[in-house]
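Asks: Model the structure of this input:
(chains A and B)
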Amino acid sequence: KQEVTQIPAALSVPEGENLVLNCSFTDSAIYNLQWFRQDPGKGLTSLLLIQSSQREQTSGRLNASLDKSSGRSTLYIAASQPGDSATYLCAVEEGQAGTALSFGKGTTLSVSS
Amino acid sequence: DAGVTQSPTHLIKTRGQQVTLRCSPKSGHDTVSWYQQALGQGPQFIFQYYEEEERQRGNFPDRFSGHQFPNYSSELNVNALLLGDSALYLCASSFMTGAIPLHFGNGTRLTVT
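Replies: Presented below is the predicted three-dimensional model:
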């Protein structure tokens, strides 16, 4: 059974800092890995998706990397802003596309101005 | 272009009652997945529907059932509600052929008293 772990569980930083969120998974035979953002009481917004053949993806101030062999992914956020405050969830998809996602518990980020 | 829509947004039920939650997928999507997210946890996969059939199921009891209609919309039914069923229920849509990433709705907050 795939286990997804996210460290740290919570993080507080001042505006402008660069930060790294970590995700690890136990079974490296994944199809893809996806990072989501969740605002309180809301649904999930997809931020970045890395397919198994890729090593990283970038979108604006966000960069996600994937190391399948070690079962790790990192989400790098540059020049953090108060609007980045949210919970960030990592999810892996095993097997062929269209299978269920296994999620971590998330990292709750608070950026102060 | 409407995204994934869920109804109702909030619901309060009593133990032992039955509940039906509804989801309309993003335009053009043919596959609907349901997830349960307890407070402080990552979403847990309940089941996935494609071509009006349940294609995959997570580790949830038979009290949880679903349906997909010809227009691709879906319902999640939960019978004999328990206090532990209190959670945010999220619907996600996609293409069965694996068009990713998943698109999530804002969820239905179910409280069982």
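Asks: List the contacts of the closest residue to residue B:103 other than its chain neighbours.
Replies: What sits nearest to residue B:103 in space, not counting adjacent residues and going by CB to CB, 6 or more residues apart in numbering or on different chains, is residue B:26, at 4.8 Å. Any C-beta I mention is one placed from the backbone N, CA and C, and that applies to glycine too. Contacts for residue B:26 (CB atoms under 8 Å, 6 or more residues apart in numbering or on different chains) come out as B:1-4, B:93, B:103.
Asks: okay, those in CSV with pLDDT next?
Replies: As requested, the contacts of residue B:26 are exported to CSV (pLDDT from 0 to 100):
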residue, pLDDT
B:1, 61
B:2, 72
B:3, 92
B:4, 95
B:93, 92
B:103, 89
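Asks: Generate a PyMOL selection restricted to the buried subset of those residues.
Replies: In PyMOL syntax, the buried subset of those is picked out as below (16 or more other CB atoms under 10 Å in any protein chain shown):
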select buried, chain B and resi 4+93+103
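Asks: Among the contacts of residue B:26, name the ones in helices.
Replies: Using DSSP state H, no member of the contacts of residue B:26 falls in helices.
Asks: what's the most distant pair in the contacts of residue B:26?
Replies: With CB to CB as the measure, no two of these lie farther apart than B:1 and B:93, at 12.4 Å.
Asks: Let me know whether residue A:9 touches residue A:104 as I believe.
Replies: No: the criterion here is CB atoms under 8 Å, and residue A:9 misses it with residue A:104 at 9.8 Å.
Asks: When those two are compared, which one has more neighbours?
Replies: Using other CB atoms under 10 Å in any protein chain shown as the criterion, residue A:9 and residue A:104 rank with residue A:104 on top: 24 against 13.
Asks: Alright, that wraps it up for me.
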